[in-house]
Structure formats: structure tokens, C-alpha cells
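Colleague: My questions are about this predicted structure, shown below with the sequence.
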Amino acid sequence: MSYVIKAVLSNPRHPEYGQVTIPFPIPVDQYDQIIEMLQGIDLGFSVNRDCAVDEIDSRYSVLGAVQGTLVNIDQLDYLAKRLDGFCTGEASQFQAMAHKLELTDVQDFINMTFCCQQATVITDFSDLETVGQRHFMNLNGGSVRMEELENLDGAETAFLLIDGGGETVTPYGVVYDNGMKLDQAYNGHQFPAYLYDHRLLVLEITPKRGLAEGKNPEYLYLPTSEHQIERTLLRVGVTSRHDVQVRLNWDELPEKAADALDLKHLRGSDLPALNRMCQVLAPLKETDMEKLDAVVLMTETSGAEAVCRLAENLDQFDFVPNVQTPEEYGRHMIQESGYFAYDENLEGFYDYRRYGEQQVQQEGGQFNECGYVVYQGAVPLEELMRDAAAEQRQGPQMGGLTQ
């Protein structure tokens, strides 16, 4: 099964428009396409619950209770992402507690993912030692010192749990709630921070005017789709990027590239360029990221558009990491570059420094803290960077948000 949830959705106001079947989580590269497919049946324009759930297919069979209710497309997507990260034990806890509480609302199911780990579910009574250990860990937030676990009498702990009563028999095991309360981590509007897969930037999004009572920040995970950016802003009540307050929550950008972005002073108008930059950087390997840092230092560039342009043209730069002097560069060229048939028997006759100086002068390269970097492109470097500056002044457009 390549999905966590597969839902058949329809427009409750216009059932004659037919149905669409969507797998969740929605892949980033398919999100815009799916939103536009929903818009074809007059759904998906809003952050409200406008989709009727006609059918649900999931390995989490307890989610069948959502069938016949109204949901927002992003609620199912977020729920699927949360559930996709669950281990077998958490899956049992989630299903057993959802069944015990007779949940039917997607908001409650999302909130259950944040607290079900407090419950104890017994699916096998033949190993009470393990049952007791897991129960002890559940009571202590899922993490205990190894010494405590080794000194624990797991079987006795299990017997005390069973003798204490309070169990509920469910199709997913015998569950003890351990006093768990269904807290409202998700308020029905803004999703709590949750990094589902690899992203380069996580941004906290709030209105410039501040959050209204009962509202929470939203989070953008870049790179993402244009519709996802638009809908994230709408969930905090913003329709113009100028009305957005953006704060860096976390980043995994190359160090020097991050320094070139002034991430402490982000604006809503920066979002399209930042997203485009992250889309270009995301496929890069670690060695490419190191090279990008060196190129950023060489060009003394700033701004997401310029970093993006450099990343797109990395193949026009040569880079030797950890080389700081002409002598080191000369040694690399003669011994490791493959341009020469190096003979270690002639080691005393090589003048690495002189050859390195000659190459640096000829290539116009630069040593910086990352290594040695040189531009080899056919277009002058100044022209390449002027194009990036022109893009920055023009500014990319995005979605249906106003500027």
C-alpha cells in the first residue's frame, strides 16, 4: 500500500459533479495538480471543510468513522502524514483509543495522534514482562533510563495494571487510557508544526497584526507547492503577502548560502523566491552544497534569486575543497586531478607552489575558507549575476495571493 489514506471525495452541494479519489499523504509534486482537480468540481478553493468523504480506504480501519463527514483536503493530508510516522505500537494505541472514544471527526483524529502514546494497549497476554515494560514507558512519556527498565519487574507491573481494572476491549487490543485526555493540539484551523519529510526551510507564519485569540501560528516547509503556500497563509487569515510576518523556525541550508539570505529579517514578499531557491537546492548532493558555499563566497552574492542562479549554474564552476594555498592547489592538480601522470619517484622535482601560482593567475580563481573555486562559464560572471539581480527586482509571482 503506497498510501496511508485513500479517500473518495465529492461536492456535497453538487453531487452531480461526480467524485475524485485522492491518496494521502499527497506528494509535493502532485499537490497543485490535485487542488486544481478538486477545483474542477468546485472544491479546494477554501480552507473550510468543503469535501464530503464518500469512502475511506486505510490500513487504519478505525478511520472508516470519517466516512460521511465533511473535511478539508489539508486535514486528511496532515492526518496521513502524522500516521505515516507511527510505529506498530503507536498504531495500536491510536486505533484502540479512537475506537474507545468513538471518534468520528477528523479534528479529533488529528488530536489523537498527539496523545495516544499515553495509553497502554495489550495485544498479547503471553508476554507480561514486555507488557509491563511498555506500560511503564507509556507512563513516563515513552522514555526511561535503561537502569530503571532493567530494575523493573515487568510481569508484576503488568499484573497490577490488569488487576486495577479500567480496561476497554477493542478490535485493536485491550486498552487502558492511563488518564489520557484528548488535548486540542490542533485547533481545527492551524496545524501544529510537524516536519514530515526532508525540507530545507521551516518558516513560522503569522499575520503582521498578530494572532487573534484562539489562533496559532502556521508553518511552511520549503520547498513546497504554490497552492500549499497560498493555503497556509489563508489558514492564518492572510490574503496578501505584505500582511505576513515570517520567522525562521529551522533550516538545513548550506551555511554560506544561508548567510547570504538574511534569514533573521524575512518578509512575506520573499516567499516565492525562497521557495524557488529551495526547489533548486533540494536535489543537490552534499558535495554540491559545499561547492555552492564556496561559489557564494566567491561572488559575494546576496538574496534568494542570486543563490538560486548560482545553484542552477554550479556546473560552470570548478571547486577543490579544503585547498587554501597555491602550493596545495598545485599539489592537487599534479597528484590528484588526473591531468598528469604523477610519478612519486620524481616527488623532489615537482614545484607545486610555482605551478599552483601559475594556474591561479591563469584561471582567475579564488581561495576562500571552503577551498579553491574558479568560474569557467562562457558568459562573464558579472553578466550571470546581473541576470539574477534583474530577477530579484522583478520578483516572482505566486498563486492567487496579492502582492
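Modeller: Okay, I see it. Numbers count the residues shown, from 1 in each chain.
Colleague: can you tell me which helix or strand residue 323 belongs to?
Modeller: Counting by DSSP states H and E, no helix or strand carries residue 323.
Colleague: how many neighbours does it have?
Modeller: Other residues near residue 323 come to 21 when the count uses other CB atoms under 10 Å. Yep, even glycine has a C-beta here, placed from its N, CA and C like the rest.
Colleague: and if you look at the one 3 residues further on?
Modeller: Neighbour count for residue 326, taken as other CB under 10 Å: 21.
Colleague: which one is it nearest to, not counting chain neighbours?
Modeller: In space, and not counting its chain neighbours, residue 326 is closest to residue 356: 3.4 Å by CB to CB, 6 or more residues apart in numbering.
Colleague: and if you look at residue 177?
Modeller: That would be residue 119: by CB to CB, 6+ apart, it lies 5.2 Å from residue 177.
Colleague: Would you check that that neighbour makes contact with residue 98?
Modeller: No. The pair residue 119 / residue 98 is not scored as a contact, 10.3 Å apart, by CB atoms under 8 Å.
Colleague: Helix, strand, or coil at residue 246?
Modeller: strand (DSSP: H, G, I helix; E, B strand; the rest coil).
Colleague: That one pairs with what?
Modeller: residue 205 (DSSP bridges).
Colleague: Relative to residue 266, how far out is it?
Modeller: 4 Å (CB to CB, to the nearest Å).
Colleague: Would you list the phi and psi of the residue nearest to residue 364 when sequence neighbours are not counted?
Modeller: Leaving aside its sequence neighbours, residue 364 sits nearest to residue 374 (CB to CB, 6+ apart; 6.6 Å). For residue 374, the backbone dihedrals (degrees, to the nearest 10) come out as phi -140, psi 140.
Colleague: ditto for residue 47
Modeller: phi -90, psi 10.
Colleague: That one is in contact with residue 234, isn't it?
Modeller: Yes. Counting by CB under 8 Å, residue 47 does reach residue 234; the two are 4.9 Å apart.
Colleague: more crowded one of these two?
Modeller: Neighbour count, other CB under 10 Å: between residue 47 and residue 234, residue 47 has more, with 20 against 17.
Colleague: wait, what's in contact with the more buried one?
Modeller: Residue 47 makes contacts with 72, 74, 189, 231, 234-235, as judged by CB atoms under 8 Å, 6 or more residues apart in numbering.
Colleague: how close does it sit to residue 97?
Modeller: 28 Å.
Colleague: Also residue 69?
Modeller: For residue 69, the distance to residue 97 - CB to CB - is 19 Å.
Colleague: For this protein, which segments count as strands?
Modeller: Using DSSP state E, the strands assigned to the chain run over residues 5-10, 19-24, 51-58, 70-71, 120-122, 168-170, 173-176, 201-207, 218-222, 244-251, 317-321, 366-368, 371-375.
Colleague: highest average neighbour count across those strands?
Modeller: Sort these by mean neighbour count, taking mean count of other CB atoms under 10 Å, and strand 120-122 sits at the top with a mean of 25.
Colleague: that older thread, with neighbour numbers in mind, choose between residue 69 and residue 97.
Modeller: residue 97 (26 against 14).
Colleague: mind checking pLDDT for the more buried one?
Modeller: At residue 97, the pLDDT value in this model is 98.
Colleague: looking at it, it is touching residue 116, isn't it?
Modeller: Yes. Using CB under 8 Å, residue 97 makes contact with residue 116 at a distance of 4.8 Å.
Colleague: Tell me which two of the contacts of residue 47 sit farthest apart.
Modeller: Farthest pair in the contacts of residue 47 (CB to CB) is 189 and 231. Separation: 11.8 Å.
Colleague: which residues in the stretch 301-403 of the chain form helices?
Modeller: Assigned by DSSP state H, counting those that start in this stretch, the helices in the stretch 301-403 of the chain fall at 304-312, 326-335, 352-363, 381-394.
Colleague: Tell me where the model's unsure across the stretch 151-300 of the chain.
Modeller: For the stretch 151-300 of the chain, applying pLDDT under 70 flags no range at all.
Colleague: in it, which spans are helices?
Modeller: Under DSSP H, counting those that start in this stretch, the stretch 151-300 of the chain gives helices at 154-163, 226-235, 255-259, 271-281, 286-299.
Colleague: neighbouring contacts of stretch 253-269?
Modeller: So stretch 253-269 is contacted by 200-201, 203, 233, 238, 240-248, 251, 274, 281, 289-290, 292-294, 296-297, 301-304, 306-307, 370, 395, 403 (CB under 8 Å, 6+ apart).
Colleague: now swap in stretch 166-183 and tell me
Modeller: By CB under 8 Å, 6+ apart, stretch 166-183 touches 61-62, 92-93, 95-97, 99-101, 108, 111-112, 114-116, 118-123, 135, 138-139, 161.
Colleague: One more pass at 6 Å, please.
Modeller: 92, 95-96, 99-100, 111, 115, 118-123 (CB atoms under 6 Å, 6 or more residues apart in numbering).
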